[in-house]
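>>> Okay, structure incoming, though there's no sequence with it:
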């Protein structure tokens, strides 16, 4: 495990994350996968419930390049970035291979349906047992829960945004009887084709955040978490160095 500002990450590659999922599927559930970036780490430090949910999660992977950078600065390097959208895609592929039943919950009306259709075209044997949009009301929630229970998915993808998706999972997974769930943020839009991901060279260079900011300038407020995160990481490094010198 690697500790980034109190939030613990598993030191795994993409392939090791997939192997971990294989193991989790064999364990008594429910279990939650968290894909965390710098913004989520900063949020967790202000939100005790989110912090505790992440701490108890079965698998926490570094979704953002900032997390990998921080781990190297703090001399506890993570293996690599494990982008949530890519992990979701590989889990859809694995679900098709292993016969896992999949449910997509979240995003605007129609997006989960289109994402499911595209996923089934890509992976012919994929069994999507249900979809539901993320704009359900409190009155609709019980019907949603009943629908998911009746569908009996093995894997639930939640695209409700952070921290709603993690908190919804923590509150409802036990009653749903689902072995495994994963928060995927805006990944349904990418799978549905309504949002384009950054070019591959930008993803490889760790500049996906810049592409998203250019495409969605309203994110500038949320992006302010990045410099704050960097400052805290450098301060932590200085404190650790100071402690070592004192020792």
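Sure thing, it's come through. Just so we're clear, the structure is a prediction, and the values are computed from it rather than from any experiment.

>>> low pLDDT regions in this protein?
Within the chain, the stretches with pLDDT under 70 are 198, 201, 205, 207, 209-223, 240-247.

>>> Do a quick rundown of the strands in it.
2-4, 7-9, 31-36, 59-62, 101-106, 127-132, 155-159, 180-183 (DSSP state E).

>>> Output those as JSON lines; include the columns distance to residue 149 and mean neighbour count.
(C-beta placed from N, C-alpha, C; glycine too.) Formatted as JSON lines, the strands of the chain follow (distance: least, C-beta to C-beta, whole Å; neighbours: other C-beta atoms under 10 Å):
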{"stretch": "strand 2-4", "distance to residue 149": "36", "mean neighbour count": "19"}
{"stretch": "strand 7-9", "distance to residue 149": "31", "mean neighbour count": "20"}
{"stretch": "strand 31-36", "distance to residue 149": "17", "mean neighbour count": "26"}
{"stretch": "strand 59-62", "distance to residue 149": "24", "mean neighbour count": "26"}
{"stretch": "strand 101-106", "distance to residue 149": "10", "mean neighbour count": "25"}
{"stretch": "strand 127-132", "distance to residue 149": "10", "mean neighbour count": "20"}
{"stretch": "strand 155-159", "distance to residue 149": "11", "mean neighbour count": "27"}
{"stretch": "strand 180-183", "distance to residue 149": "13", "mean neighbour count": "27"}
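
>>> okay if I get these as TSV plus distance to residue 232?
Formatted as TSV, these follow (distance: least, C-beta to C-beta, whole Å):
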stretch	distance to residue 232
strand 2-4	10
strand 7-9	12
strand 31-36	15
strand 59-62	16
strand 101-106	30
strand 127-132	37
strand 155-159	28
strand 180-183	23
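
>>> To residue 113, which of these lies closest?
Closest to residue 113 of these is strand 127-132 (C-beta to C-beta; 5.2 Å).

>>> List the pairing partners of the closest one within its sheet, with orientation.
Neighbouring strands of strand 127-132 in its sheet, by DSSP bridges, are strand 101-106 (parallel).

>>> what sits up against the strand it pairs with?
Identification of contacts with strand 101-106 by C-beta atoms under 8 Å, 6 or more residues apart in numbering yields 92, 95, 112, 115-116, 119, 126-134, 144, 148, 151-161, 165, 178, 184, 188.

>>> what about the nearest residue to residue 72 once chain neighbours are set aside, neighbour count?
Using C-beta to C-beta, 6 or more residues apart in numbering and skipping residues adjacent in sequence, the residue nearest residue 72 is residue 78, 8.0 Å away. Neighbourhood size, residue 78 [other C-beta atoms under 10 Å]: 21.

>>> How about residue 228: what's its closest non-neighbour residue?
Excluding its sequence neighbours, the residue lying closest to residue 228 (C-beta to C-beta, 6+ apart) is residue 42, at 6.4 Å.

>>> Then residue 196?
Distances taken as C-beta to C-beta, 6+ apart place residue 190 nearest to residue 196, at 7.4 Å, with adjacent residues excluded.

>>> which residues touch that neighbour?
By C-beta under 8 Å, 6+ apart, the neighbours of residue 190 are 85, 196, 197.

>>> how far away is it from residue 155?
From residue 190 across to residue 155, the span is 18 Å (C-beta to C-beta, to the nearest Å).

>>> now residue 192
18 Å.

>>> the helices in the chain, which residues?
Here the chain has its helices, by DSSP state H, at 14-25, 38-44, 48-56, 65-73, 84-98, 111-122, 138-151, 164-176, 187-192, 200-204, 208-215, 220-223, 225-246.

>>> Nice, that's everything, thank you.
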